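Undergrad: give me a 3D structure for the following:
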Amino acid sequence: MAGKNLLTITEQNFEQEVLKSDLPVVLDFWAVWCGPCRMIAPTIEQLSDEMAGKIKVGKVNVDEQPGIAAAFNIMSIPTVTLTKVHRERAKALNLGSYVISNQLWSDASRAYGPDHPA
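TA: Numbers count the residues shown, from 1 in each chain. Predicted coordinates:
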């Protein structure tokens, strides 16, 4: 992972980085062997850099963190979720373009209201 704002989410840091986050958190569930996961990786990295300070972006390796994947009911990868205060707000399967990312962000912003940083 090359994005300077991109987090690696593990069972050890999940509570601090996700559950206790003041910002919405985008989680990219992926695996090393997953071709489509590698294809969307640059988009996820771009999102983490462009939205720094507004959201957190983290990657969850489903092979290394099966408990987190199970908690989110991940059935296929890549799966990208947007979470705020321990509640899943939106889920997008096979998020493959920044246009879709912007739509996901726009939908989440409307859900939180115009004065919320999300």
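Undergrad: mind listing what's buried along the helix or strand harbouring Pro42?
TA: Assignment of secondary structure by DSSP states H and E places Pro42 within helix 35-50. Residues of helix 35-50 classed as buried: 37, 40-41, 43-45, 47-48 (neighbour count, 16 or more other C-beta atoms under 10 Å). (C-beta placed from N, C-alpha, C; glycine too.)
Undergrad: could you do stretch 68-81 as well?
TA: Buried residues in stretch 68-81 (16+ other C-beta under 10 Å): 68-69, 72, 74, 77-81.
Undergrad: make TSV out of the residues you listed and add secondary structure.
TA: Below are these laid out as TSV (DSSP: H, G, I helix; E, B strand; the rest coil):
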residue	secondary structure
Ile68	helix
Ala69	helix
Phe72	coil
Ile74	coil
Ile77	coil
Pro78	coil
Thr79	strand
Val80	strand
Thr81	strand
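Undergrad: now for this protein, the helix or strand with the poorest mean pLDDT.
TA: In the chain, no helix or strand scores lower on mean pLDDT, DSSP states H and E than strand 87-93, which sits at a mean of 48.
Undergrad: next SSE after the helix holding Pro42?
TA: strand 56-61.
Undergrad: check contacts around Asp63.
TA: 31-32 (C-beta atoms under 8 Å, 6 or more residues apart in numbering).
Undergrad: wait, is it part of a strand?
TA: No. Using three-state DSSP, the secondary structure at Asp63 is coil, not a strand.
Undergrad: what's in contact with the helix or strand hosting Leu27?
TA: Taking DSSP H and E as the criterion, Leu27 maps to strand 25-30. Applying C-beta under 8 Å, 6+ apart, the contact partners of strand 25-30 are 9, 17-18, 37, 40-41, 44, 47-48, 55-62, 69, 72, 74, 77-84, 95.
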